[in-house]
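Novice: Here is my input; please provide its structure:
(one chain, ligands or ions: 2)
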Amino acid sequence: MARSFDVIFIGAGPAGYVGAIRAAQNGLKVACIDSWKNRDGTNAFGGTCLNAGCIPSKALLESSELYHRAREEFAVHGIRVGEVGLDLAALQARKAKIVTGLTAGIKALFQANGVTGLPGRGRLLASGKVAYSPEGGTSEELEAREVVLASGSEPIPLSAAPFDGVAIVDSWGALDFEAVPKRLGVIGAGVIGLELGSVWRRLGSEVVLLEALPEFLPAVDTQVAKEALRHFARQGLDIRLGSLVTEAKVSGKKGPVLVRYRKGTGEETLEVDRLVVAVGRRPRSRDVLAEGTEVRLDARGFVEVDDRCRTSRAHVWAIGDLVRGPMLAHKGSEEGVMVADLIAGRNAEVNYATIPSVIYTAPEVAWVGKTEQALQKEGTPFKAGSFPFSANGRAKALEAAQGFVKILAHRETDEILGVHIVGPAASELVAEAVLAMEFQASAEDIALTVHAHPTLSEATHEAALAVDGRSLHAIQKKKAD
Ligand code: FAD
Ligand code: AMP
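Specialist: Ligands and ions are numbered 1, 2, ... in the order given. The predicted structure is shown next:
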C-alpha cells in the first residue's frame, strides 16, 4: 500500500523545510522530499539558501571583511600587526563547517518534529499523488491530502557566456574558488553579483562588474543606490553600467576569458581569469510537475498562486522562489508557515508590504516598504527625513560612519511608508523599521521611542525626528513648526 501523508512538501529550502516543521507542529503527518546534492554527491536539506546561497555567502563576506579590516583599518585603531596573510583553504573550511552544521541541524529538527525527510526527487503527478525517486533506489508513489511545491530556483544561464564550471561559473561556483583570481569579471551588478564581487575584491582580486542596465540598482531608493555606488567604487569595485555582455570566450581549459560587451554604440573587451554569471535566477518549475497536473505557470515559468499561495489546482500550493515576489529566504519561510497554518485550518497571511531586502556589502544596504521614486510615481503625498551615520557616535567609534537612514512617511497621516538604510549593520537596523511598519507606526512613534546611546539605532531615531524637521544632532534646513 502507498505511504500516505497529510502534507508532502517538495523541496527543503527555507520555504519547504520551515513549512514542513510548522505543519508537523500543527499535528499533521508530514513528509519533505529534497533532491539537493553537494559536490561530493551527498544529499543535504536546506536548499540554495543553506548550501549555496545566503549562509556560505555571508560566511565569506565576514571572513573577507575581517581580512580587509586587518590589512587596511587596524592601523587607524592604533593596532599594529605583522604582515596579514590569507589561508583561503582555512577560510573555505570554516564556511563549509557552518553549512554542514546548519544542514545537519535541519535533519535534527525534522526528527524532533516528526517530519519524514526524504532525500531524492519529487514530482506531482496528474493523479495528485507524488512520485518519489530516492537516489539509486526504486521510485514509489506517495499519497497526500495536500501537496506543497517548494522546488526553488536556479541560476539563469547566459547563452553568450555558457557555464563551464571552471573559468565561467555561477554563484555557487564563485563561492567555492580555491584560489583568489587575479582578475575577476562578474556579469550582473545585482544583489548576488555585488556580494560576490565584494568578497573577492576584499581578498585581493581586481573586480569588474558588467551591468546591462544604465541605472545602478533600480529597485533601490535612488539616493541610497547613489551613496552605495560611491562607496563600492571607492573600494575598487569597477562597476560598468550600460554594458551588455555579448560573448565570453575561454582560452584553453582554465582561461583566461575574453569578454565582449556593448557599451553605447561601441564594443569593448575585457580579459579576466574567472567570470561569474550572476544575471538572476529562474524558478525550477518544470521537473517538479508531470504532464496533466493542471498547475498553471506564468510566462516566466513561475507557478501561478493567489495571495495565500494556492495554485490553480485544489490541494496544491506553491511557495518560495518558485512563485511571484522577491526571491528571498525569509519571504519563502513566511509563505511556508502561512500554508502550513492554512492547511491545519488556521487563519494565516503574509504581509507582503513589509518584507525587508538586504544587500550584505560594506556598507550594507537594507530597506522595507516603498522607495521615494515609487511614491512619486503613484502620487502618494509623503515627507522624508534622513540622518547621516557621520553624525552618529557609535558609527564613528566603529570606524564605519558611512551612509544614512532615510524614512518616508505619509504627508498627512505620518504613517511610515518606507525605510531605506545604507550604512553599518543596516541588515539589523531594518528590523526596527519592519516592526514599526507591521504595527502601522507613524514616524512620530519612532521619534517618541527611547533608543539606547550610543547605538547605530539612534540614526533611525534621528531620521524619524527629521521627518518633521526636529533632528537633534544634525542641522536641518527644514525647521520644526
Ligand atoms: P531553494 O532554497 O532553492 O530550495 C529548493 C530545494 O528544492 C532545493 O534543495 C532543491 O534541490 C529542491 N528541489 C528542486 N526540485 C526538486 C524536486 N523535483 N524534488 C525534490 N527536491 C527538489 N536570500 C536571502 O533572503 N538572504 C540572503 O542573504 C541571500 N543570499 C543569497 C546568496 C546567493 C549566492 C544566492 C544564490 C541566493 C541568495 N538568497 C538570499 C536567495 C535565497 O537563497 C532564496 O530566496 C531561497 O533559497 C529560496 O528558498 P526556496 O525554499 O524557495 O528554494
Ligand atoms: P539580479 O536580478 O538582482 O540578480 O541582477 C542581475 C542583473 O544582471 C540585472 O541587473 C541584469 O540587468 C543584469 N544582466 C542580465 N543580462 C546581462 C548581460 N548580458 N550583460 C550584463 N548584465 C546583464
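Novice: For the residue nearest to Ala353 when sequence neighbours are not counted, name its beta-bridge partners.
Specialist: Nearest residue to Ala353 in three dimensions, chain neighbours excluded: Gly369, at 6.8 Å (C-beta to C-beta, 6 or more residues apart in numbering). C-beta coordinates here come from the backbone N, C-alpha and C atoms, glycine included. Note on Gly369: beta-bridge partners by DSSP bridges are Gly418.
Novice: these two touch, right, Gly369 and Leu408?
Specialist: Yes. Between Gly369 and Leu408 there is a contact under C-beta atoms under 8 Å: 7.2 Å.
Novice: which residue ranges form the strands in the stretch 51-200 of the chain?
Specialist: Along the stretch 51-200 of the chain, counting by DSSP state E, counting those that start in this stretch, strands occupy 116-124, 130-134, 140-149, 153-155, 168-169, 183-187.
Novice: how about those strands, which one is nearest ligand 1?
Specialist: Each of those has some distance to ligand 1 by C-beta to the nearest ligand atom; the shortest is strand 116-124, at 3.9 Å.
Novice: can you state the direction angle for the closest one and strand 140-149?
Specialist: 80 degrees (axes from the mean of the first three to the mean of the last three C-alpha atoms, to 10 degrees).
Novice: which residues touch strand 116-124?
Specialist: With contact meaning C-beta atoms under 8 Å, 6 or more residues apart in numbering, strand 116-124 is reached by 5, 8, 10-12, 30-35, 43, 45, 106-107, 110-111, 130-135, 137, 147, 149, 287-290, 293, 295, 316.
Novice: What subset of those residues is buried?
Specialist: 5, 8, 10-12, 30-35, 43, 45, 106-107, 110, 130-133, 147, 149, 288-289, 293, 295, 316 (16 or more other C-beta atoms under 10 Å).
Novice: from those residues, which are also near ligand 1?
Specialist: Ile10, Gly11, Ala12, Ile33, Asp34, Ser35, Val288 (C-beta under 6 Å from any ligand atom).
Novice: Make JSON lines out of those and add distance to Ala89.
Specialist: What follows is these, written out as JSON lines (distance: C-beta to C-beta, whole Å):
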{"residue": "Ile10", "distance to Ala89": "36"}
{"residue": "Gly11", "distance to Ala89": "32"}
{"residue": "Ala12", "distance to Ala89": "29"}
{"residue": "Ile33", "distance to Ala89": "34"}
{"residue": "Asp34", "distance to Ala89": "29"}
{"residue": "Ser35", "distance to Ala89": "29"}
{"residue": "Val288", "distance to Ala89": "37"}
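Novice: Just the ones of these in strands?
Specialist: Per DSSP state E, strands hold the following members of these: Ile10, Ile33, Asp34.
Novice: these two touch, right, the first one and Leu149?
Specialist: So the one you mean is Ile10. Yes. Counting by C-beta under 8 Å, Ile10 touches Leu149, with 5.5 Å between them.
Novice: Name the residues contacting each of these two.
Specialist: Common neighbours of Ile10 and Leu149 (C-beta under 8 Å, 6+ apart) are Leu124, Val288.
Novice: For Gly78, give its distance to Lys396.
Specialist: Using C-beta to C-beta, to the nearest Å, Gly78 is found at 15 Å from Lys396.
Novice: And these two? Which one has more around it.
Specialist: Ranked by neighbour count (other C-beta atoms under 10 Å), Gly78 and Lys396 place Lys396 first, with 13 against 6.
Novice: Next to ligand 1, which bits of the stretch 101-250 of the chain? Give me the list.
Specialist: Contact residues, the stretch 101-250 of the chain versus ligand 1 (C-beta under 6 Å from any ligand atom): Arg121, Gly122, Arg123, Ala150, Ser151, Gly152, Ser153, Ser171, Ile192.
Novice: Enumerate every residue touching the residue in the stretch 251-400 of the chain that ligand 1 sits nearest to.
Specialist: Nearest to ligand 1 in the stretch 251-400 of the chain, going by C-beta to the nearest ligand atom, is Gly320, at a distance of 2.2 Å. Residues near Gly320 by C-beta under 8 Å, 6+ apart: Gly11, Gly13, Pro14, Ala15, Gly16, Ala150, Gly152, Lys331, Gly332, Glu335, Gly336.
Novice: Stretch 146-157: which residues count as buried?
Specialist: Using 16+ other C-beta under 10 Å as the burial criterion, the residues of stretch 146-157 that qualify are Glu146, Val147, Val148, Leu149, Ala150, Ser151, Gly152, Ser153, Pro155.
Novice: Test my guess that the last one contacts Asp170.
Specialist: Which is Pro155. Yes. Using C-beta under 8 Å, Pro155 is in contact with Asp170, at 4.0 Å.
Novice: Overlap in contacts, these two.
Specialist: Contacts common to Pro155 and Asp170, judged by C-beta under 8 Å, 6+ apart, are Val277, Ala278.
Novice: Could you list the domains of the chain?
Specialist: For the chain, the structural domains run 4-155+282-350, 168-279, 354-466, going by automatic domain parsing.
Novice: Quick one: end-to-end distance for the last one.
Specialist: Start to finish, the residues bounding domain 354-466 are 22 Å apart (C-alpha to C-alpha, to the nearest Å).
Novice: pLDDT of it, averaged?
Specialist: Averaging pLDDT along domain 354-466 yields 98.
Novice: Please apply the same query to the shortest one.
Specialist: Domain 168-279 shows a mean pLDDT of 97 in the predicted model.
Novice: give me phi/psi at the residue most central in space within the chain?
Specialist: Nearest to the centroid of the C-alpha atoms of the chain, with distances taken as C-alpha atoms, centre = their mean, sits Leu328, at 4.8 Å. Torsion angles at Leu328 (phi, psi; degrees, to the nearest 10) stand at phi -130, psi 140.
Novice: separation between it and Arg183?
Specialist: According to C-beta to C-beta, Leu328 and Arg183 sit 31 Å apart.
Novice: Same question for Ser4.
Specialist: 56 Å.
Novice: which one of the two has more residues nearby?
Specialist: More neighbours surround Arg183 than the other of Ser4 and Arg183, with 17 against 13 (other C-beta under 10 Å).
Novice: ok, the more buried one - contacts?
Specialist: Per C-beta under 8 Å, 6+ apart, neighbours of Arg183: Ser205, Glu206, Val208, Pro256, Glu271, Val272, Asp273, Arg274.
Novice: May I see these arranged in JSON lines, with neighbour count and secondary structure as well?
Specialist: Converted to JSON lines, these look like this (neighbours: other C-beta atoms under 10 Å; DSSP: H, G, I helix; E, B strand; the rest coil):
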{"residue": "Ser205", "neighbour count": "22", "secondary structure": "coil"}
{"residue": "Glu206", "neighbour count": "16", "secondary structure": "strand"}
{"residue": "Val208", "neighbour count": "21", "secondary structure": "strand"}
{"residue": "Pro256", "neighbour count": "19", "secondary structure": "coil"}
{"residue": "Glu271", "neighbour count": "13", "secondary structure": "strand"}
{"residue": "Val272", "neighbour count": "25", "secondary structure": "strand"}
{"residue": "Asp273", "neighbour count": "18", "secondary structure": "coil"}
{"residue": "Arg274", "neighbour count": "25", "secondary structure": "strand"}
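Novice: Nearest to ligand 2, out of the strands of the stretch 51-200 of the chain?
Specialist: strand 183-187 (4.8 Å).
Novice: ok, and does that closest one reach over to ligand 2?
Specialist: Yes. Residues of strand 183-187 contacting ligand 2 under C-beta under 6 Å from any ligand atom: Ile187.
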